[in-house]
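Novice: just coords:
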DNA sequence: ACCTGAACACCGTTCAAGT
DNA sequence: ACCTGAACACCGTTCAAGT
């Protein structure tokens, strides 16, 4: 067997291809921050100094690019949540997790709409987040702190709702906590 | 004073203009049903047999058109809710109202994303809906059935969340009631 | 294997000319 | 007052040619 086989199917990129991938990702971060998540892909390619075809070859759909561009941040978030976990009770960790995800969705305009898709993209970062979220949910449910008929998809739903609401009225910090409170209030067992 | 002055500012359309307006609205309904709420406006103009400029003159933004296209349906919905109200207790009427709105948002693909904006557009139908919703909410709050710190905007938020979730996984009827249950569970006082 | 960019089809929006 | 449609600027996506 070979030396490096990450998980399974991962055709190891040729050196120049790998470099281009990084350039695209960096450009995407820049452009999305500036113009929003629905910015022109041609602009991204332009800024990465790469042919538009190269971008499409690596990221066939816009969502693929969006997911990849958010990978590292999601990875870090999952990690943070894990270290935070010990200090908080089950319900509180879940809340913190949701609030963090909402913050993440606010990283640039237009991300909120796709946050559900991004969270289902299969990226390492997204998988780490899902696992962490599911673990927190199960823990809270076993502790009797959250209703048993609630799924992780329901949580994603809450995150999307809050993110979208916050994005639309450009609301202040306060509205986030209020909405999380309202939505999670129904999930937590009284 | 004149004979017909609807409410206030309403520059009475010239006959041909009014007719064009109707044609555009009818075409929009058709096209949105077929292609989704993000369909091409040129296609709408084409189908209405009207110059694209005419469409823009009457509906400067896509959201204007979307709101106008949903006016009648929202009007009917508010009316239905009012007649239903007597038969249900405060919490149940609120739930029924939310479920109806979600159904409305499912009328065509892509409407869910804009349902919040549509509900704030100032169209007669949208105003009727807002009024009805606010009345139901207040009633439920006075009856002690729903938390007092919940606003109508929060309700719109719930509607958006559920609609989007349902639209994304093309979920069955069951998921709607589940999500409404989860979200409103937190709003109703236990 | 990978990169490039021209080519194609399409869209949103404006505005001068016309009734 | 209103309508029309050409004109402009832009975008997504594909694919033949090139390394």
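Specialist: Cool, got the structure. On a predicted model such as this, the values are computed, not experimentally measured, just so you know.
Novice: I figured residue A:115 hits residue A:163, correct?
Specialist: Yes: with contacts counted by C-beta atoms under 8 Å, residue A:115 reaches residue A:163, the gap being 5.9 Å. (Each C-beta comes from the backbone N, C-alpha and C, glycine too.)
Novice: got any residues that touch both of those two?
Specialist: Overlap of the contact sets of residue A:115 and residue A:163 (by C-beta atoms under 8 Å, 6 or more residues apart in numbering or on different chains) consists of A:101, A:105.
Novice: for residue A:41, see how far away residue A:17 is.
Specialist: 18 Å (C-beta to C-beta, to the nearest Å).
Novice: just residue A:157 next, same as before
Specialist: 28 Å.
Novice: of those two, which one has the most company?
Specialist: Comparing residue A:157 with residue A:41 by other C-beta atoms under 10 Å in any protein chain shown, the one with more neighbours is residue A:157, at 25 against 18.
Novice: helix or strand: which one has the more buried one?
Specialist: Per DSSP states H and E: residue A:157 is located in helix A:152-168.
Novice: what's the first helix or strand after that helix?
Specialist: For helix A:152-168, the following helix or strand on the C-terminal side (DSSP H and E) is helix A:173-185.
Novice: show me how far that next one is from its chain's centre.
Specialist: Relative to the chain's own centre, helix A:173-185 is displaced by 19 Å; criterion: C-alpha atoms, centre = their mean, to the nearest Å.
Novice: quick check: angle from that helix to helix A:152-168?
Specialist: Here helix A:173-185 runs at an angle of 160 degrees relative to helix A:152-168 (axes from the mean of the first three to the mean of the last three C-alpha atoms, to 10 degrees).
Novice: report all helices and strands that helix A:173-185 contacts.
Specialist: Other elements packing on helix A:173-185 under the criterion 3 or more C-beta pairs under 8 Å, 6 or more residues apart in numbering or on different chains; DSSP states H and E are helix A:90-105, helix A:152-168, helix B:152-168.
Novice: angle of that helix against helix A:90-105?
Specialist: Put simply, helix A:173-185 runs at 130 degrees to helix A:90-105, going by the same axes, to 10 degrees.
Novice: picking up where we left off before, is the helix holding residue A:157 anywhere near chain B?
Specialist: Yes: applying C-beta under 8 Å from any C-beta of the partner chain, one finds helix A:152-168 touching chain B at A:153, A:154, A:157, A:158, A:160, A:161, A:162, A:164, A:165, A:168.
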